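Student: everything below, folded, please.
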Amino acid sequence: MKKKKKRFRTKGGKRSGQRDQRLLKAARELHGTDKDWADHLEPSLTSQKEDVKARAGAKAEDAGDAEPEPTWVPEGPVFQGTVVSLASAIAWVEDQDHEVVQCALPTAIAQDQRSRVAVGDRVSFAQRDRDWLVAEVLPRTTCLARPDPLNPRLQRVVAANIDIVVQVASVVRPPLRPALVDRYLVAIQYGGAEPILCVNKLDLLSERQRRQELAPLAPYRELGMEVIECSTQDGRGIEQLRDSLRGKTAAFVGHSGVGKSSLVNALAPSIEAATGEVSESRGTGRHTTTRSCLYDLGNGIRLIDTPGIREFGLWNLDAEELREYFPDFEPFAPACRFNNCSHSHEPSCAVRQAVDDGELARARYQTYLRILESLQG
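Tutor: Numbers count the residues shown, from 1 in each chain. Predicted structure coming up:
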């Protein structure tokens, strides 16, 4: 898919999946941490991790010059539909009559399933013998993607062909994390969708606490980003969210435990998406949504609910491009001494001066520096 930028204006197959789960289980048993488990493997697991990364990296490097591997050529009628859910080597596809068909994924797609196909993708499918089989994944208009935790050189597509990405955050349990908001915002713009920030669980705060907790969100409002304050307990903000999603295909993303599935239930109680409690010991959420699913909520709203994550990396972004996704820097950047100023260390940097003067949010600038450092490393 050709990269499509959308910016604000200032105002693996079955065996690899099983192996991944074994590694994940072992790492979690060894490390009680909220960080990305792949970065904290014991030496006994490191060689397995490196083998996976080496094989996947070689495949990624070869893919640029190689012709796409053919899947198969259907002999009978070919249909088109939308992927509404995925499992290992299986896609559930909704056809034009709104019937859901279980389709197998051919080997050419299944072996790189997390990169090749995602919920929201348009696919063609046909019958072979007595089974249904996906024939082709059609070009995407937009997507949200991140690096694969096992190999940053491989893309993991979170959702495809979405108009809006709703980043769901919460207050108190788990706490609001502006740095994660910034990372998602970069990835959403990079993929071509429109971002919305939905802050959930406001019923847990008093009015005074609410003003204090939500103060860090002022920079996003100034960018023109829609910020919706919600509570599934007292219903505030639910109708505003519904109106913003009307006639759109959207994806819900965010930290574990922020209440994505509860918001889905509030928008359409008949969906009855699985929900779970937040861990009292760590304040983090259990992964109640184990795989992405696309729901039809009525009123033209189609919604992809995705599993919660604790970290979100950025896919295929270089250091120079990063500046484009911080549009609040634009009014100050022309005054920098150097045209190619990275806004990190150069003398006479107008962006850094604007931060010192309080004209730019320091928290967003610090997130920019952390992302920049990771891209340069």
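Student: from now on I want contacts and neighbour counts done on CA atoms only, so please keep to that.
Tutor: Will do.
Student: what is the mean pLDDT for stretch 346-364?
Tutor: Mean per-residue pLDDT for stretch 346-364: 96.
Student: can you tell me what sits against stretch 83-90?
Tutor: The contact list for stretch 83-90, computed with CA atoms under 8 Å, 6 or more residues apart in numbering, reads 13-14, 17, 91-94, 102-106, 110, 113, 118-123, 291-295.
Student: how is the chain divided into domains?
Tutor: For the chain, automatic domain parsing gives the domain ranges 14-63, 78-137, 143-305, 319-376.
Student: mind checking the end-to-end distance for the third one?
Tutor: Yep, that's domain 143-305 we're talking about. Taking CA to CA, to the nearest Å, the first and last residues of domain 143-305 lie 14 Å apart.
Student: what of stretch 307-314?
Tutor: 17 Å.
Student: next structured bit after the lowest-mean-pLDDT helix or strand in the chain?
Tutor: None of the helices or strands of the chain scores lower by mean pLDDT, DSSP states H and E than helix 43-63, at a mean of 41. Note on helix 43-63: by DSSP states H and E, the next helix or strand toward the C-terminus is strand 78-87.
Student: how far off centre is stretch 202-218?
Tutor: 25 Å (CA atoms, centre = their mean, to the nearest Å).
Student: what is the end-to-end distance of it?
Tutor: 17 Å.
Student: quick one: low-confidence parts of the stretch 201-350 of the chain?
Tutor: Where the stretch 201-350 of the chain drops to pLDDT under 70, the residues are 272-290, 308-311.
Student: again, only using 50
Tutor: For the stretch 201-350 of the chain, the stretches with pLDDT under 50 are 274-288.
Student: need the helices for it, in chain order.
Tutor: For the stretch 201-350 of the chain, the helices defined by DSSP state H, counting those that start in this stretch cover 207-214, 218-222, 238-245, 260-267, 319-322, 350-356.
Student: buried stuff in the first one?
Tutor: Of the residues in helix 207-214, those buried by neighbour count under the rule 16 or more other CA atoms under 10 Å are residue 213.
Student: with the fifth one instead?
Tutor: Of the residues in helix 319-322, those scored as buried under the neighbour-count criterion (16+ other CA under 10 Å) are residue 322.
Student: who does that helix touch, helix- and strand-wise?
Tutor: Where contact means 3 or more CA pairs under 8 Å, 6 or more residues apart in numbering; DSSP states H and E, helix 319-322 is packed against helix 362-376.
Student: which residues of the stretch 201-350 of the chain fall in strands?
Tutor: Secondary structure of the stretch 201-350 of the chain, counting by DSSP state E, counting those that start in this stretch: strands at 226-229, 249-254, 293-298, 301-305.
Student: for the ones you listed, which one ends up most surrounded?
Tutor: strand 249-254 (a mean of 26; mean count of other CA atoms under 10 Å).
Student: distance of residue 197 relative to residue 140?
Tutor: Taking CA to CA, one finds residue 197 at 24 Å from residue 140.
Student: out of those two, which sits in the more crowded spot?
Tutor: A side-by-side neighbour count of residue 197 and residue 140, using other CA atoms under 10 Å, places residue 197 first with 25 against 15.
Student: for residue 341, give me phi and psi.
Tutor: Reported as degrees, to the nearest 10, the phi and psi values for residue 341 are phi -60, psi 130.
Student: for it, give me its contacts.
Tutor: 333, 349.
Student: how about the secondary structure of residue 197?
Tutor: With DSSP: H, G, I helix; E, B strand; the rest coil as the basis, residue 197 sits in strand.
Student: residue contacts, it?
Tutor: Counted by CA under 8 Å, 6+ apart, residue 197 has contacts 166-169, 225-228.
Student: now for those, which pair is the farthest apart?
Tutor: Farthest pair in these (CA to CA) is 169 and 225. Separation: 14.3 Å.
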